[in-house]
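> What follows is a predicted structure for the sequence shown.
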Amino acid sequence: MSASRRERQTRRASLLIKAIAILIAAIALISCSGSPPRIAGMYRQLAVIDNRTINARYEQLSVFVQPVDEDGFSDLARLYLINDRLHLFWSLSPDTWERRGNHNQQWIGSNNITMSDGSAFPRGEYRVVLIDLSGSRDERTFVIDQPELAGGSLTFPSLAIREQSVSVTSLLPAVTVSVIDPVGSFSARREVPVGSVPLTTIMGKEPEPGRRYDLYASVFDSKHRVELVTGPYPY
């Protein structure tokens, strides 16, 4: 066999080995990356909070997505809220996002997204980006276009706590009263009429003696498309 022929065979064998190595690497990459996540649904709601503890009003954003990932819920790594125009972002991880729903319909996100300085959210477009452990992603967009309201004249509901009842006042219908304890071991939420409402109707049980509860009242202002929340009212 001539030297030139041996060299050609050697080159062909070398190319074949490289091709096999590339193919194996590609198969490994595909098997590791798995299925990309998908956002099947998204919920967002802008709220104005009348915080009675610090005597301040500020905007708060709730953002939740319904994730779908064939590799399992544990494959989800990050949820980002991004304002590209002003280079703002908020990041949620499995340790920090809230998880809602049941086994068949899970939602992840947060009810407590705010600007770090307590100012109003910049108006405009935001991206919600869901990323899995392999870096694959899906995203949705929404727009905040309500006028800035935290410093304006808004009609908040109010509560007056009696011994075993709550007096609810509001110019807007459909008041929702929420009850939580400071350590987060109990929560209840119920839509109630204006007027006097037994505390057991809201909580679904008798309040435990000596235990503190915080109550919040909220209404949806359809004119401004925001939720108005006031509290806490300690019991």
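Received it, and whenever you're ready, just let me know what you need. Residues are numbered from 1 along each chain as shown.
> Any stretches of the protein with poor pLDDT?
Counting by pLDDT under 70, the chain shows low-confidence ranges at 1-33, 150-152, 185.
> which residues in it form helices?
Listed in chain order, the helices of the chain (DSSP state H) span 3-33, 199-203.
> Let me see the contact set for Pro207.
Contact partners of Pro207, counting by Cβ atoms under 8 Å, 6 or more residues apart in numbering, are 199-200, 213, 235. C-betas here are computed from N, CA, C, even on glycine.
> Torsion angles phi and psi at it?
With angles defined as degrees, to the nearest 10, Pro207 sits at phi -70, psi 140.
> Residue numbering should commence at 25 henceforth.
New numbering, starting at 25: the last item is Pro231.
> So the chain: which segments form each domain?
25-57, 62-70+85-168, 182-258 (automatic domain parsing).
> Now do the same contact list for the residue most central in space within the chain.
When Cα atoms, centre = their mean is applied to the chain, the residue found nearest the centroid is Gly133 (2.0 Å). Residues in contact with Gly133 (Cβ under 8 Å, 6+ apart) are 67, 86-89, 103, 116, 121-122, 124.
> Dump those residues into a markdown table; add neighbour count as well.
Listed next are the contacts of Gly133 as a markdown table, based on neighbours: other Cβ atoms under 10 Å:
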| residue | neighbour count |
| --- | --- |
| Tyr67 | 13 |
| Ser86 | 16 |
| Val87 | 23 |
| Phe88 | 23 |
| Val89 | 27 |
| Leu103 | 25 |
| Leu116 | 19 |
| Trp121 | 19 |
| Glu122 | 13 |
| Arg124 | 14 |
